[in-house]
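> Dropping the sequence and predicted coords here.
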Amino acid sequence: MKHIFGKRTILAGAAVALAFSLAACSSDGASESDAASVASPEFADGTTMADIASAGSITIGTKFDQPGFGLLNPSSNEPEGFDVEIGKMIAGQLGIAPENITWVESVSANREPFIQEGKVDLVVATYTINDDRKKVISFAGPYYQAGQDIMVAKGNPLGITGPDDLAGKNVCSVEGSTPAENIRTNYPEAQLTLFDVYSKCAEALKNGQVDAVTTDNVILLGIIFQDPESFEMVNNPFTEEPYGIGVQLEDTDFRSFINDSLEQSFADGSWASAWDSTAGAFVATPQPPAVNRY
Amino acid sequence: MSTQTVLFDELGPRGKKLVRIGTYIGALLVAILIALAGLQLYNEGQLEPERWEILINPDSGVPQGLTRALFATLRVALIAMVISMILGTLLSAGRLSEHRWVRIPTTFIVQFFRGIPLLLLIFFSYLALPRLGISLDLFWTLIVGLTAYNMAVLGEIFRAGILSIDKGQSEAAYAIGMRKSQVMVFVLVPQAVRRMLPAIVSQLVTLLKDTSLGFVIGYFELLRQGRAYVDYFGAKFGLQIYVAVALFYILTNLALSSFARWLEKRSRSNPKATKALGQLVEDDLVPID
Amino acid sequence: MNAIVENLDLFRSGFLTTLGISLLGGLLAFVLGGILATFRVSPFRPLSGLSVLYVETVRNTPLTVVWFFMVFGLPLVGLGIGSFFIAGALALGVYTAPFVAEVIRSGINSVSLGQAEAARSIGLTFSQSLRLVVLPQALRTVVPPLGNLWIALVKNSSIGAAFAVTEITAVATRLSNGFPGAVIQIFVGAAVAYLLITLTSSAGIAYLEKKAVILR
C-alpha cells in the first residue's frame, strides 16, 4: 500500500515547520528589545543587516564640522552630535557597540559616492532627502526636519528678513552645496561668495566681509551657539530639508529596518534624549517627523 | 666679493652717521607699525590670554593634537618623497632613453604633471580613483596625488644631475663593457643623487608645505587639524590656532631648509656639484613653489 | 562631455579668473620682490633685516596658511580688503615675492664682477650702475627662473578655490558635485585649461631665452 506522503516528505515538512517557528521566536525576541545594544539580533540571510551584524562592526559616514550634529572632538578623535547619536542607535539595533563603529568624514560632495562605492554602510550627515539623490541612493527617514535659513551679524544691521532681502547683498555658503544651488537658481540677484567650509563663512561674516550666511538652520544654530555675541538667526526658514539616512539604492530591507528603528526611537524617547544631549543645547526638542517609506 | 657689494663705495664718516640715523629711524618705524597692529588686535580682544591659553594648556588637547598632526604631515611627506624618488629616477632614465617609444610618453607624463596644480591632482585622485575601481584611504590618496606631481619634478632634477656628470664617467663605463642600464644604475645615478642632494632636500621642504593641500580631502594633517580645533572651540580662537599652525610649519621647514643649506655649502667645495646646481637654478628646478 | 559642453561659460569665466588673479598676483610679486631685493642689498640694517625676516617666514609657510591670513587675518588688524579676488592676488603676490627677490639677487650676482667694477670706475653712481649696466645683463639670466615662478604662481592660484575665488579648480569642484558621473571628464577639462596657460608660458619663456641669447 502506498502512503500519500512518504516518510521523507513528512520529515522534510517537520523540519521546515520547526525552522519557521524558530525564526518566528527569535524575531519576536529581537523586537522586544529597547534602543540599547541588542545582544545578538537575528536577521534574514543575505540582508545588509545580517552582513553587518555578523561582521560585528559598521562604517558610518557623518560630518565632522557641524556643531551639534556631527562635530569632531579633535582630542578624542571621535565625532559628537545628534547625527552621531542616531548612528549609534541604529548600530545598537544591529548589535554593534559604539566602540565598533568606524566613523568616516562625509562632506556633502562625497555622500553619494561613498554609499555607491560601499565605502560606508550608511550615511547620516545632515543629509537632505531629495528626488535627484533618490536616483542614485535610497533614503530611510526622515529623522529630522530642517529648513534653509539665513544668519546675520548680531543686531541684523541690514535688516534682512528673508531670502528676497538678499538681492544685491553678499551671501556666503559652501561651494557645491544645495543651499548655494538654491540661492543661485531661485534668488539670482543675491551675490554668492563660496568657500569650502562654513567656518570660513562665519569668519567672513564676523569681519564684515559678507552680509549673511545661508545653509540649513541647525548648522547655522550650531555656529551661533559657539559665538552668540557675534551672530543671530533671521529665523525664517524658506525651504524644507528633511534629513534622511542614506543607504545603497534599492536596499529595501535595510531601509525598512532603519525606518523601524527610527520609529521605535521616536516612540520610546531615545530620539528625544539623543537630541537633548546634543543639539538640544541650543535648539529646543522638536517633534519627531513621520518616516517616509516610499 | 659679489657684484652687489661692488656697486657702492665704502662709506665715509658722514655716510656712516647718516646710515646710523637711518637705521634708528627705520627701526622706530618698524616698531611703530608693529605697535599699531598690536593695538588693533588688542582692541578686538585677540590678545586676551584666555584665547591664547588653549595653545599651551594641555587640558584642551590642542598642543598634543597639533603635534600628532605634525607627525601625520611628516609621515605623508616622507613616504611620498621616497616613492617619488624611486619613480623620479625611472622617469629621468626614461627621458634620457634612446628609444623614442620610451622617451615620448615619459616626457608627456612629466610635462603633464608639472603643468597642472597639485590641488587639482589631489582633489581628483580623491574623486576619480574610486570610479576607476581603485579604493584607497585618505593617506594613500594624498600620497598618490603628491607623488604624481613630485616624481615629475624629481625626475627633472635627476635628469639635470645625470646630464651634469662628466662624459668621461659614462664613456669609461661603456668602455669596460657595461650596458646602458648598468651604467645608469652603478655609475650615473649614485653620483647624480649625491650631487643633487641639496635640491632634493629643498624639494622635501616644498613637499612638506604641499601636504597642507591634504585639507581638501580631509586628511588630518596640520592645517586640517587646526581647522578641526577652530570648528570645535569656535571661531573666537581662529587667529590663535592658525598662528600656532603657521609656527609649526615655519619651524619645521626652517630646520629642513637649514639642513639643505648646510648640504649646499658642503657641495660648494665640489665644483662639479656647484656647476650642476647652477644649471638647476637656471632651469629653476631648485624648487620655487 | 555634457558636463563640460553645457558649462563652457562657467569654464571660461573660471579660466579668466585664474588668468586675472595670476597676472595681478604676478605683478605684485614682481614689484614686491624687486623691493625686497633692493632692501636686502641696502646698507640700512633694519631694511635688510626686515627683508630677511620676511623671506624666511613666508618661504617656509604653505600658501594655504598665507592665503588664510590675507583673507581672515588682515581684517583683524584693520586692513580688511573688500574683494576676495584682490585678497587672493595679494596672497599670491606676498607668497611669491621672496622667491622673486632671491632670483633677482642671484641674477645680479651672476653678472661678472668686471662689469660692475668698470661701471663704478667710469664714475656711475649706485643707481646708474644698476640701471644701465648690471640689471640689463642680469635680466638675461633672470628670465627663465622668473618664467618658472610665473608658472608656479598660476598653479598656486588653484588655492583660491578654498577662499571664495571662482577660478578653474572651483569650477571643477562645483561641476563634480553637479555631475558626479563625469568626474574624469571634468578633471581632464580643468587640466587642459591649466595646461593651456602653463604650456604656452613655457613656450614663451623658451622663445624669450633664445632671443636673449642672440642679443649677446
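Now that the structure is in, tell me what you want to look at. Residues are numbered from 1 along each chain as shown, chains lettered A, B, ... in the order given.

> now the closest residue to chain A within chain C: how far from C:Gln137?
Nearest residue of chain C to chain A: C:Asn177, at 3.4 Å (C-beta to the nearest C-beta). Yep, even glycine has a C-beta here, placed from its N, CA and C like the rest. For C:Asn177, the distance to C:Gln137 equals 52 Å [C-beta to C-beta, to the nearest Å].

> now do A:Asn73
60 Å.

> mind checking the SS state of A:Phe43?
coil (DSSP: H, G, I helix; E, B strand; the rest coil).

> re earlier: with neighbour numbers in mind, choose between A:Asn73 and C:Gln137.
Neighbour count, other C-beta atoms under 10 Å in any protein chain shown: between A:Asn73 and C:Gln137, C:Gln137 has more, with 18 against 15.

> Hmm, C:Leu113 and that one touching each other?
No. Counting by C-beta atoms under 8 Å, C:Gln137 does not reach C:Leu113; the two are 12.0 Å apart.

> What are the boundaries of the helices in the stretch 151-289 of chain B?
B:167-175, B:180-182, B:189-210, B:222-233, B:238-268, B:271-282 (DSSP state H, counting those that start in this stretch).

> Pick out the shakiest of the ones you listed, pLDDT-wise.
Set side by side, those differ in mean pLDDT, and helix B:271-282 is lowest with a mean of 57.

> Okay, helices next: where are they in the stretch 1-150 of chain A?
Using DSSP H, counting those that start in this stretch, helices in the stretch 1-150 of chain A cover A:7-31, A:48-55, A:82-93, A:111-116, A:131-134.

> Counting by contacts, list what the shortest one packs against.
Counting contacts by 3 or more C-beta pairs under 8 Å, 6 or more residues apart in numbering or on different chains; DSSP states H and E, helix A:131-134 is packed against no other helix or strand.

> For the stretch 151-289 of chain B, which residues are neighbours of chain A?
B:216, B:218, B:225, B:227-236, B:238 (C-beta under 8 Å from any C-beta of the partner chain).

> Determine which two of those are furthest apart.
By the measure C-beta to C-beta, B:Val216 and B:Lys236 form the most distant pair in these, at 24.8 Å.

> neighbour count winner among those two?
B:Val216 (25 against 20).

> Surely the more buried one and B:Phe124 touch.
No. In terms of C-beta under 8 Å, B:Val216 does not count as a neighbour of B:Phe124; the distance is 10.5 Å.

> Any regions of chain C where pLDDT drops low?
In the predicted model, chain C carries pLDDT under 70 at residues C:1, C:3, C:212-216.

> same question, chain A
Using pLDDT under 70, chain A drops low at A:1-40.

> Near chain C, which residues of it? Just list them.
Counting by C-beta under 8 Å from any C-beta, the residues of chain A near chain C are A:108-109, A:112-113, A:136, A:172, A:175-177, A:181, A:193-196, A:200, A:203-204, A:207-209.

> let's go with 7 Å and repeat that
A:Ala109, A:Glu112, A:Pro113, A:Glu175, A:Gly176, A:Thr193, A:Leu194, A:Phe195, A:Asp196, A:Glu203, A:Asn207, A:Gln209 (C-beta under 7 Å from any C-beta of the partner chain).

> Now narrow those to whatever sits close to chain B.
Answer for these near chain B (C-beta under 7 Å from any C-beta): A:Pro113, A:Glu203.

> what helix or strand is B:Val30 on?
helix B:13-43 (DSSP states H and E).

> ok, that helix near chain A or not?
No. Figure legend: helix B:13-43 not in contact with chain A (C-beta under 7 Å from any C-beta); closest approach 12.6 Å.

> center of chain A, which residue is that?
A:Val124 (3.0 Å; C-alpha atoms, centre = their mean).

> wait, that one sits on A:Tyr243?
No. Here A:Val124 does not reach A:Tyr243: they are 8.0 Å apart, not a contact under C-beta atoms under 7 Å.

> which neighbours do those two share?
Common contact partners of A:Val124 and A:Tyr243 (C-beta atoms under 7 Å, 6 or more residues apart in numbering or on different chains): none.

> Which residues of the stretch 51-200 of chain A lie near chain B?
Counting by C-beta under 7 Å from any C-beta, the residues of the stretch 51-200 of chain A near chain B are A:64-65, A:71-75, A:105, A:107, A:113, A:117, A:119, A:199.

> Contacts only, for A:Val171.
A:Ile183, A:Ala190, A:Gln191, A:Leu192, A:Val210, A:Asp211, A:Ala212, A:Thr214.

> go on, C:Ser201?
Going by C-beta under 7 Å, 6+ apart, C:Ser201 touches C:Gly147, C:Trp150, C:Ile151.
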